[in-house]
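Q: Just the structure for this:
(one chain, ligands or ions: 2)
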Amino acid sequence: MRHFLEVDDLSSAELAEVLELAASPAPPQVLAGKGAGLVFEKPSARTRNSSEMAVVQLGGHPMYIRDEEVGIDKRESAEDVIRTLARYHSLVAARVYDHKVLERMAACEVVPVVNLLSDEGHPMQALADLVTLNDEFGSLDGLTLTYVGDANNVWRSLALGCAMTGVKSRIACPGDYGPSEIDLDRVRALGGDIEVFDRPEAAVEGVDAIYTDVWTSMGQETEAEARMRAFEGFQVTEEMLGLMSPKGIFMHCLPAHRGEEVSHEAVESPLSRVFPQAENRMHSARGLFAWIVQQ
Ligand code: CP
Ligand code: NVA
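A: Numbers count the residues shown, from 1 in each chain. Ligands and ions are numbered 1, 2, ... in the order given. Predicted structure coming up:
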């Protein structure tokens, strides 16, 4: 049995298999007559809809479960929740505050567990990001992507995904919000070519993609004002997009806070791929779910 709590739970060869399955025009009906439990402790538009539709396309029945219903570690323990859901479902995917909850669920070894976003990672997003880059450029070989913003859950999974597929990555962020040495070592151990910048302009010069995410993630709302101050000057603007290579694109996992991490004009720019990227959440989820239930 396999779990997908972070991109590097897969080998590079397995990641390539998942990305190939995501592109398959005839989804294998591997969930026919089966259920997939989708548990959410936080709100979601893209992750819920793309996961539900991916399960449907694999012939299965998605069950959306709000945390109010299962009450992880409130109504009953994470272990009792997963041991119960495993009796109905062929995979359980969850969006949680605390990544350790996913690790405890996976440790029960009763059903494949998939991370739909935690405080540490958003690996399902990274799969869609790689699909988007591949669709755009025809290959991931030799690409360079700059992430402008917080070294958060989205950045971590993306940096690992880039490292595993040979995409060079850069991050531009204020010092206090940058990656830890542990993060950088993890990326480099996978062969990742990563550079850290404390200003965006030099970091985006000539790159193939600029990526950003919100400065304040779900669960960090009390830090919002301090973060707004720290990230001043890091907004992705059309002018910044103009510094990329002539074929460069703009990416954002969404939801976007226009006027904060990105300008309205940059989201609406012809270089923006944010909605194809959102669509790719469904294709990549289909690839991952098909792969994991066949292990
Ligand atoms: N990108 C993403 O995960 O969006 P949602 O929070 O709407 O699911
Ligand atoms: N970093 C954001 C991503 C939302 C999809 C968050 O965790 O809220």
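Q: Excluding covalently adjacent residues, which one is nearest to residue 206?
A: residue 245 (5.2 Å; CB to CB, 6 or more residues apart in numbering). For every residue, glycine as well, the C-beta is placed using N, CA and C.
Q: Actually, residue 57.
A: residue 27 (4.8 Å).
Q: ok, that neighbour touching residue 58?
A: Yes. Using CB atoms under 8 Å, residue 27 is in contact with residue 58, at 5.5 Å.
Q: who has more neighbours, these two?
A: residue 58 (24 against 19; other CB atoms under 10 Å).
Q: Please tell me the pLDDT value assigned to that one.
A: Looking at residue 58, its pLDDT is 98.
Q: Just confirm the residue nearest to residue 206 is within a strand.
A: No. Counting by DSSP: H, G, I helix; E, B strand; the rest coil, residue 245 is not found in a strand; it is coil.
Q: Next up, the contacts around the residue nearest to residue 57.
A: For residue 27, the contact set (CB atoms under 8 Å, 6 or more residues apart in numbering) comprises 57-59, 286, 290.
Q: So which of the residues you listed is the closest to ligand 2?
A: residue 286 (19.1 Å; CB to the nearest ligand atom).
Q: Tally up the residues packed near residue 96, please.
A: For residue 96, using other CB under 10 Å, the count is 24.
Q: residues contacting it?
A: 39, 41-42, 72, 102, 117-118.
Q: quick one: which of the residues you listed is nearest ligand 1?
A: Once CB to the nearest ligand atom is applied, the member of the contacts of residue 96 that ends up nearest ligand 1 is residue 117, at 5.7 Å.
Q: what's across from the residue nearest to the closest one when sequence neighbours are not counted in the sheet?
A: Distance criterion CB to CB, 6+ apart; nearest residue to residue 117, sequence neighbours excluded, is residue 95 at 4.7 Å. Counting by DSSP bridges, residue 95 is bridged to residue 40.
Q: Kindly supply the ChimeraX command isolating those of the contacts of residue 27 that are buried.
A: Buried subset of the contacts of residue 27, written as a ChimeraX selection, criterion 16 or more other CB atoms under 10 Å:
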select :57,58,286,290
